[in-house]
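Asker: Fold the following, please.
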Amino acid sequence: MSAKKETLGGTVGVVLAVCLACSIVVSSAAVGLRSLQQSNAAVDKKTNILTAAGLHEAGMTKDAIAELYAARVEEKFVDLETGEYVANPVADSGKAFDMYGKMSKDPETSVTVEGNVGFSRRSAIANVFHIKDEDGAISRIILPVHGAGLWDLMYGFLAVNSDGNTIEELVYYAHKETPGLGGEIQNPAWMAKWNGKQIFDNGEVAITVKKQAGTDNPYAVDALSGATLTSNGVANTLQYWAGENGFGPYLEKQSWKS
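Answerer: The predicted structure follows:
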């Protein structure tokens, strides 16, 4: 009986030791990879912004992306209620600004959202990105946008001409839409249909997505075939973020021209 107890105890001890060792290895690997993951995430963000800016080229190295971004992109911060520029609210924290993180959840830094956009609160402050020509003139404004798709939130960048109205690019970089259906929001052919579309008609948000919009409609893009809810989600997203509760006041002021 004693021998059996010792055998059982030894087995349990070995199992616990192995589990502990594995936990230490996994934890150490996670900590060790965190900086690499953060670095890759930063590169991906810069790549998507440069894509929306029409500046990214296939095969660019991380160094080339960083150099181009530093030369042509300027991050600014906007109070969405007033449309005015403000200081970086997390400048003293040593962390990068994230309008989708704590800023959008803390009642002191966020506001309640109404409407069919898929999220209940948003950050009171948003970051925007000025795209500069080689002579320093601002050619595009990149606006971060997000909203509900079929399965989850879809995240993208809307590139607007310096006139504050003409769409240059719509780039979605994160979503959970169905491949071949809603996932076609990343199809270059569909993305190209946004170029040149107008956001406002006589001061009102007019941009939308609808069936058989045609190429001659300056305020609409054809809906994705078989992906009605995703298409509606894109329309709702743009209408919210271009409206009075999103970047509307900022686009109206056109502060980048002053």
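Asker: tell me which element Trp241 is part of?
Answerer: If you go by DSSP states H and E, Trp241 is part of helix 228-242.
Asker: That helix: what's the following helix or strand?
Answerer: helix 248-253.
Asker: for that next one, packing partners?
Answerer: Applying 3 or more Cβ pairs under 8 Å, 6 or more residues apart in numbering; DSSP states H and E, we find helix 248-253 packed against no helix or strand. In short, each C-beta sits where N, CA and C put it, glycine included.
Asker: what's next to that helix, contact-wise?
Answerer: Helix 248-253 is contacted from outside by 78, 80-84, 128, 160, 164-165, 199-200, 205, 242, using Cβ atoms under 8 Å, 6 or more residues apart in numbering.
Asker: circling back to that earlier point, in the helix holding Trp241, what's buried?
Answerer: Buried residues in helix 228-242, counted by 16 or more other Cβ atoms under 10 Å: 230-242.
Asker: pLDDT on that helix, on average?
Answerer: Averaging pLDDT along helix 228-242 gives 97.
Asker: List the contacts of it.
Answerer: With Cβ under 8 Å, 6+ apart as the test, helix 228-242 has contacts from 113, 115-118, 143, 145-150, 154, 156, 158, 170, 177-178, 181-182, 185, 199-200, 205, 207-210, 223-224, 246-248, 251.
Asker: Now list the buried members of those.
Answerer: Buried among the contacts of helix 228-242 (16+ other Cβ under 10 Å): 117-118, 143, 145-150, 154, 156, 158, 170, 177-178, 181-182, 185, 199-200, 205, 207-209, 223-224, 246-248, 251.
Asker: Strands - which of those residues land there?
Answerer: Counting by DSSP state E, those place 143, 145-148, 154, 156, 158, 170, 200, 205, 208-209 in strands.
Asker: Sort out which one of those lies nearest Ser104 for me.
Answerer: The nearest member of these to Ser104, counting by Cβ to Cβ, is His146 at 9.8 Å.
Asker: how near is that closest one to Ile125?
Answerer: 15 Å (Cβ to Cβ, to the nearest Å).
Asker: again with Ala174
Answerer: 21 Å.
Asker: okay, these two: which has more neighbours?
Answerer: Ile125 (20 against 13; other Cβ atoms under 10 Å).
Asker: Next one: the more buried one from Val113, what distance?
Answerer: According to Cβ to Cβ, Ile125 stands 14 Å off from Val113.
Asker: ditto for Thr208
Answerer: Distance of Thr208 to Val113, given as Cβ to Cβ: 19 Å.
Asker: Then Gly180?
Answerer: Counting by Cβ to Cβ - Gly180 and Val113 are separated by 31 Å.
Asker: for Ile138, same thing?
Answerer: 29 Å.
Asker: One more: Thr178?
Answerer: In terms of Cβ to Cβ, Thr178 sits 25 Å off from Val113.
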